[in-house]
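Asks: Need coordinates for the following:
(chains A and B)
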Amino acid sequence: MSRKLAIIASNGGLFDAYKVFNVATAAAATDQEVAIFFTFEGLNLIHKEAYSQLPMPEGKEHYQKGFEKANVPAIPELVAMAQEMGVKLIGCQMTMDVMELEKDAFVDGIEVGGAVTFLEFAKDADVTLTF
Amino acid sequence: METIKFDQLVDAKGLACPMPIVRTKKAMNELEPGKVLEIQATDKGSTADIKAWAQSTGHQYLGTVEEGDVLKHYLRKATGEEKEEKKHPHVVNNEELQAKLTNKEDILVLDVRESAEYAFNHIPGTKSIPLGELENRLNELSKDADIYVVCRTGSRSDLAAQKLTEAGFKKVINVVPGMSEWTHPTDSLSK
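Replies: Now for the predicted structure:
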């Protein structure tokens, strides 16, 4: 009864990161096979330096306290947890070329591929989400 | 408040979604089938999440107890017991048992599920001895009593009925399927 979830992450803000990783880890915890394709600004979410200081959307700074109060895990923690549970992280080769970034700028264990790599995974996914 | 027995504890207090589920999943991986997990959480959404999680992973959601700000959820790890072959020759169905209870016949209904399952839902007036404790607690039962053994699906009660018969109990009857399809009144730990 294994199911598949495919996510496209194309935005690079803090809220985007939570949407992506909360859904991904919850799905992985529910025995689903999960892959996330990070493209354009979405690459921030797995960039070694960027992902620990993702920007809060403008005008939403007051959320900061709420995050602390609710003890919401930090993004690097969620990424590590996602990886531990077998979530496949795919960086977009084309975006990386455009931005002149190498694979080692990103968290360990990611795959790098093009749209076809993702489509191959997503073609029989039960749910596909775009953030 | 009576305490509910569990085999392993997940402390997810103070953690936000999706952490309670992630912790639950990890603990469940290490638990033996049939054992009970208690998850303590303060995240209000965790009740709905745990229920949905149990449903989609095939584990058994027993119930939730609220203690102040803390929600205590109880899950039982799936065993695949539905597929097991039943061997005890004397069997009644739920309706036959209910008829005997309605007629106030002199019978003992023995519930062999885990005590946490019993706490959240059981037939009024029944005796609880989890299957794992049965051998050590045989002295609580009379060998001449009419004993109707009940569990969730009829599998654990089948094993219990065989054990009782081997131990010299004369009138032991397995109730099939048992609590999973019990539609008559029950006592339950209220939320």
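
Asks: The spatially closest residue to residue B:9 that is not a sequence neighbour: neighbour count?
Replies: Excluding its sequence neighbours, the residue lying closest to residue B:9 (CB to CB, 6 or more residues apart in numbering or on different chains) is residue B:38, at 5.1 Å. To be clear about C-beta, it is placed using only N, CA and C from the backbone, and glycine gets the same treatment. By the criterion of other CB atoms under 10 Å in any protein chain shown, residue B:38 has 21 neighbours.

Asks: In a strand, residue B:38, correct?
Replies: Yes - counting by DSSP: H, G, I helix; E, B strand; the rest coil, residue B:38 is part of a strand.

Asks: Next secondary structure after the helix or strand of chain A with the lowest mean pLDDT?
Replies: Ranked by mean pLDDT, DSSP states H and E, the weakest helix or strand in chain A is helix A:63-69, scoring a mean of 88. Remark: after helix A:63-69, the chain's next helix or strand is helix A:75-84, criterion DSSP states H and E.

Asks: Wondering if that following helix reaches chain B at all.
Replies: Yes - contact of helix A:75-84 with chain B (CB under 8 Å from any CB of the partner chain) involves residue A:81.

Asks: Dump that helix to CSV, restricted to CA.
Replies: Taking Å, rounded to 0.1, in the frame of the first residue of the first chain, the C-alpha atoms of helix A:75-84 are listed here in CSV:
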residue,chain,number,x,y,z
ILE,A,75,14.5,24.1,8.7
PRO,A,76,17.9,22.3,8.8
GLU,A,77,16.4,20.0,11.4
LEU,A,78,13.4,19.2,9.2
VAL,A,79,15.7,18.6,6.2
ALA,A,80,17.8,16.2,8.2
MET,A,81,14.7,14.4,9.4
ALA,A,82,13.3,14.2,5.9
GLN,A,83,16.5,12.6,4.6
GLU,A,84,16.6,10.2,7.5
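
Asks: Could you list the buried residues of it?
Replies: Buried residues in helix A:75-84, counted by 16 or more other CB atoms under 10 Å in any protein chain shown: A:75, A:78-79, A:81-83.

Asks: Which members of the residues you listed are the farthest-apart pair?
Replies: A:75 and A:83 (12.6 Å; CB to CB).

Asks: residues touching residue A:127, list them.
Replies: Residues near residue A:127 by CB atoms under 8 Å, 6 or more residues apart in numbering or on different chains: A:3-6.
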